[in-house]
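> I'll drop the sequence and a predicted model, then ask my questions.
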Amino acid sequence: MKNDTSDVASTTGGTPSNEAQHEVLTADEVGKILKIHPVTVRLKAAAGVIPGRQIGNRWRFSRTRISEWLQAA
């Protein structure tokens, strides 16, 4: 199976492509999509209600996972 991160790096220096960068959302961006406060996004993510990952003290969200989560709701 192919490594999921292999397509993320562009051919110009190993930085994520624009498409990959737009795939990962911040709590502020998810809050705008869901029309809720970013603090609520973080609290619900910490409780396992909204799919996301905490990296250090910051939360990151997959646009695809948020879309799937909304459709399943």
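Sure thing, it's come through. Computed from a prediction, not measured in an experiment: that's the story for all the values here.

> So the residue positioned nearest the centre of the chain, which state does it fall into?
For the chain, the residue sitting closest to the mean C-alpha position, by Cα atoms, centre = their mean, is Phe61 at 1.7 Å. The three-state assignment at Phe61 reads strand, by DSSP: H, G, I helix; E, B strand; the rest coil.

> How about it: which residues does it bridge to?
Leu25 (DSSP bridges).

> From Gly48, how far out is it?
Phe61 is 13 Å from Gly48, where distance means Cβ to Cβ, to the nearest Å. C-beta: built from backbone N, CA, C; applies to glycine.

> Would you agree Val49 falls within a helix?
No: looking at Val49 with three-state DSSP, it is coil, so not inside a helix.

> one step back: would you confirm that the residue nearest to the centre of the chain contacts Gln54?
No: with contact defined as Cβ atoms under 8 Å, Phe61 does not count as touching Gln54 (10.5 Å).

> Now for the two: what residues contact both?
Each of Ala45 lies in contact with both Phe61 and Gln54 under the rule Cβ atoms under 8 Å, 6 or more residues apart in numbering.

> give the contact list for Ile33.
The contact partners of Ile33, taken as Cβ under 8 Å, 6+ apart, are Leu25, Ile66.
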